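Participant: Please find the sequence and the predicted model below.
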Amino acid sequence: MLNVLDQVTKRGAGFKSIADPMIDTTSPHGKLILAALAALAEFERSMTLARCEVRKETGVDCTLGVTVFARSRPGQRRLANSKGKRQ
């Protein structure tokens with residue numbers, strides 16, 4: 001996305017999101033918001049790759065995606081600590 005927006009800017013045009021007015025490459029504020037969102041996306045990608053590496057090391061399939069805010073269901077066991085001891 002950032003590469004596309006960079007090409008648009010190099011050709012003398014700007015980008016304004018209709019759905020989210022904060023995304024606007026024609027204003028300094030919009031450029032700041034876009035840069036912050038890009039940094040957060042890069043950070044999240046790095047964290048996802050790191051979690052996937054840990055799962056590969058432990059033999060867990062990482063292709064199923066990441067579950068955020070997972071809650072245990074009745075009868076389901078949760079890991080007590082990083083050493084793999086179950087509760």
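Facilitator: Sure thing, it's come through.
Participant: Rounded mean pLDDT for the longest helix belonging to the chain, please.
Facilitator: If you go by DSSP state H, the chain has its longest helix at helix 28-58. Regarding helix 28-58, the rounded mean pLDDT is 89.
Participant: Also stretch 1-17?
Facilitator: When pLDDT is averaged over stretch 1-17, the result is 87.
Participant: okay, now Gly14: neighbour count?
Facilitator: For Gly14, the count of nearby residues is 13 (other CB atoms under 10 Å). Every C-beta, even on glycine, is put in place using the N, C-alpha and C of the backbone.
Participant: Could you say which helix or strand holds it?
Facilitator: Following DSSP states H and E, there is no helix or strand that holds Gly14.
Participant: I figured it hits Asp24, correct?
Facilitator: Yes: if you go by CB atoms under 8 Å, Gly14 and Asp24 touch, sitting 7.3 Å apart.
Participant: Sort out which residues of the longest helix of the chain are buried, please.
Facilitator: 30-31, 33-34 (16 or more other CB atoms under 10 Å).
Participant: will you turn those into a markdown table that also has distance to Glu42?
Facilitator: A markdown table is the format used below for the buried residues of helix 28-58 (distance: CB to CB, whole Å):
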| residue | distance to Glu42 |
| --- | --- |
| Gly30 | 19 |
| Lys31 | 16 |
| Ile33 | 15 |
| Leu34 | 13 |
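Participant: Select, from these, the two members most distant in space.
Facilitator: Spanning the widest gap among these are Lys31 and Ile33, at 7.4 Å by CB to CB.
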